[in-house]
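J.: I'll drop the sequence and a predicted model, then ask my questions.
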Amino acid sequence: MATSAAQQAPTPGAGAPPAADDLPVVRLRHPWRWVSYGVIAVLAAMFLHSLVSNPNFGWDVVGEYLFSVRILDGLAKTLQLTAIAMLLGIVLGVALAVMRLSDNPALSRTSWLYIWFFRGTPVFVQLLFWGFISALYPSLSIGVPFGPSFFETETNALITPVVAAILGLGLNEAAYLAEIFRGGIQSIDRGQTEAAQALGMKRSRILRQIIMPQAMRVIVPPTANNTISMLKTTSLVSVLSFPELLYAAQLIYSVSFETIPLLITASIWYLVVTSVLTVGQYYIERHYSRSDRLEGLGRFGRLAALQRRRTVTDLGQDAR
Amino acid sequence: MTAAVQPMVEARNVHKSFGHLEVLKGVDLQVAPGEVMTLLGPSGSGKSTFLRLINHLETLTSGRLSVDGQLVGYREDRGRLHELREAEIARMRAQIGMVFQRFHLFPHMTVLQNVTCAPIGVKGESRDVAEQRAIALLDQVGLSDKVRAYPQSLSGGQQQRVAIARALAMQPKLMLFDEPTSALDPELVGEVLDAMRDLAASGMTMIVVTHEMGFAREVADSVVFMDGGVVVESGKPEQVLRDPQHERTRSFLSKVL
Ligand SMILES: Nc1ncnc2c1ncn2[C@@H]1O[C@H](COP(=O)(O)OP(=O)(O)O)[C@@H](O)[C@H]1O
Ligand SMILES: [Mg+2]
């Protein structure tokens, strides 16, 4: 060991033999890795055994409900709710982030206040508030501020459980996304903005064409994370009697008392969708890091660039 | 406004402060159309700040600064200065090219997209026209084979030449260079200076902040030496560089030559 270390050292010490070009490399051994694999394998086997042998899991019931109409219906509602709430969150979040960074103090303070409020209270409480909004404002109207109104309606007719769920989740999400977007925008070097300004671009164009495409690399991973989180947070909406995945499962086990199997059924679907989202995240991230690759268009251009680069490194090695 | 040629850039008693720090303390200078002026001076003397005032990346504190007869950032109306709107400032900047020390290419765009994005987006040129001119400009700076490359895969010298092409694509009437070769490895400086030399020969009005004395001597029509936020000395390159009148100029030149 000692001699091989000395041979590999970049500066040959006194008395070290002259370095040959093709000495065999002895790989470092990791005996503890094998021990840890063994321990984990035993624990996993015990757990798997309990899964199969413990009848309380009720796998037959899981299999019965996994593709049942009511569960699939709940799943569809969960997916729709996640998509719409995220969409609302993204649109509002971008607006809040831009407001927050605006020179206009009225806008940036409003944004700060919004984020402070919606991040500062539990989303569960916010959902309940939207659910019981009619207790606060029995009717809603459109008209002159403090003056006559042209249009008036019952709050309950407007804020249905679906609307309450979307508002509760989307408005809360916007506060978190606004901070993610702001961080992304601020991570881009000021020189980018100045170079774009020097070319005569206006602020809105700079944001759209120069800043955002670059900020996306910083924004996508946490936003995907929040999307996955949102998928599961939709389960809170069961308190509004909105029939998403968890509520569908609850409705079934409230009658059949097969609680555990139905919770497992719902969990399986959450896991499946989360996995699909994770794959999607991979492709979106890859899209926004395309400038790491050598050439823009065409496989052949890229190949040529790779070959050129290889030639350069070959030459470099020859020189050494 | 007189019968003489209107200067491309005219600064009169230009002051600029950042908070309590007064960076420019009354700068006066003129750049004629087609003139190449090099701006010399020690670090911190306010050279970058002055360049950035010209395209309104900084706002001046007092004094008058005009480009091609138009006040920078303001409109004069009945004895008052009115701040310009964003669109008016952008229109003015579109006519002034700027090249930065650290290139600031757009990393998410290919070389071609970098050069065409402003002509298409700001001037409303068609893609065909913009791409044709971009390719001609890239050819001019010796990068016609890099059209589809991303900036990251280019050397510093290549990136700076793309930045020059990007600025020229807007067909500016004035080009500002802020130490365009200072971030480059020594062996890459020449290719960028060559591109600037060609540009000067084509008659472009240029203000170049640089420490490249060879460029100042051979290419520039005039040399301005700044120190401590004022113009200490200015004149023909042979005069200022060979026979400086002020002690401060002499000591600066003895350090960089
Ligand atoms: N945005 C800024 N805020 C505060 N101080 C600044 C700013 N920009 C430049 N300065 C200061 O102004 C002085 C002149 O800077 P600069 O114009 O960059 O000098 P030069 O380009 O000649 O080296 C320096 O002391 C610098 O610290
Ligand atoms: Mg500078």
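T.: Sure, I can see it. Numbering: from 1, shown residues only, chains lettered A, B, ... in the order given. Ligands and ions are numbered 1, 2, ... in the order given.
J.: Quick check: the gap between B:A94 and A:A224.
T.: B:A94 sits 38 Å away from A:A224, taking C-beta to C-beta, to the nearest Å as the criterion. Any C-beta I mention is one placed from the backbone N, CA and C, and that applies to glycine too.
J.: and what of B:S48?
T.: From B:S48 over to A:A224 the distance is 40 Å, taken as C-beta to C-beta.
J.: Repeat that for B:V219.
T.: As judged by C-beta to C-beta, B:V219 and A:A224 stand 52 Å apart.
J.: Mind giving me the packing neighbours of the longest helix anywhere in chain B?
T.: Secondary structure of chain B per DSSP state H: the longest helix is helix B:186-201. The contact analysis (3 or more C-beta pairs under 8 Å, 6 or more residues apart in numbering or on different chains; DSSP states H and E) places helix B:186-201 against helix B:156-168, strand B:205-209, helix B:213-218.
J.: what do you get if the cut-off is 10 Å, keeping everything else the same?
T.: If contacts are counted by 3 or more C-beta pairs under 10 Å, 6 or more residues apart in numbering or on different chains; DSSP states H and E, helix B:186-201 sits against strand B:36-40, strand B:96-99, helix B:127-140, helix B:156-168, strand B:174-178, strand B:205-209, helix B:213-218.
J.: closest one to A:L277 among the ones you listed?
T.: Closest to A:L277 of the helices and strands packed on helix B:186-201, according to C-beta to C-beta: helix B:127-140, at 35.8 Å.
J.: So for the closest one, mean pLDDT?
T.: Average pLDDT, helix B:127-140: 97.
J.: That helix to helix B:186-201, inter-axis angle?
T.: Going by axes from the mean of the first three to the mean of the last three C-alpha atoms, to 10 degrees, helix B:127-140 is angled at 120 degrees with respect to helix B:186-201.
J.: Now find how far off-centre helix B:127-140 is within its chain.
T.: Offset of helix B:127-140 from its chain centre (C-alpha atoms, centre = their mean, to the nearest Å): 22 Å.
J.: Same question for stretch A:190-208.
T.: Here stretch A:190-208 is found 29 Å from its chain centre; the criterion is C-alpha atoms, centre = their mean.
J.: Could you do stretch B:51-58 as well?
T.: Put simply, stretch B:51-58 sits 10 Å off its chain's centre (C-alpha atoms, centre = their mean).
J.: re earlier: of B:V219 and A:A224, who's got more company?
T.: Applying other C-beta atoms under 10 Å in any protein chain shown to B:V219 and A:A224 shows that B:V219 carries more neighbours, namely 20 against 17.
J.: Not including adjacent chain positions, what is the nearest residue to the more buried one?
T.: Nearest non-adjacent residue to B:V219, counting by C-beta to C-beta, 6 or more residues apart in numbering or on different chains: B:A200, 5.0 Å away.
J.: Also A:E194?
T.: Once flanking residues are discounted, A:E194 sits nearest to B:L57: 5.7 Å by C-beta to C-beta, 6+ apart.
J.: Provide the backbone phi and psi angles at that neighbour.
T.: Main-chain dihedrals, B:L57, degrees, to the nearest 10: phi -70, psi -20.
J.: Test my guess that it contacts B:F50.
T.: No - look at B:L57 against B:F50 with C-beta atoms under 10 Å: they stay out of range, at 11.1 Å.
J.: Mind checking which of these two has more residues around it?
T.: Legend: neighbour count by other C-beta under 10 Å for B:L57 and B:F50, higher for B:F50 (29 against 17).
J.: is stretch B:162-171 anywhere near chain A?
T.: Yes - judged by C-beta under 10 Å from any C-beta of the partner chain, stretch B:162-171 comes into contact with chain A through B:163, B:166-167, B:169-170.
J.: give me every residue that touches B:T38.
T.: The neighbours of B:T38, taking C-beta atoms under 10 Å, 6 or more residues apart in numbering or on different chains as the test, are B:177, B:206-213, B:215-217, B:219-225, B:237, B:240-241.
J.: What number of neighbouring residues does B:Q158 come out with?
T.: A count of neighbours around B:Q158, defined by other C-beta under 10 Å, yields 22.
J.: OK, contacts around the residue most central in space within chain B?
T.: The centroid of chain B falls nearest to B:L176 when counting by C-alpha atoms, centre = their mean (0.7 Å). If a contact means C-beta under 10 Å, 6+ apart, then B:L176 has A:198, B:9, B:39, B:48, B:50-52, B:54-55, B:57, B:96-100, B:167, B:205-209 as its contacts.
J.: Great, nothing more from me.
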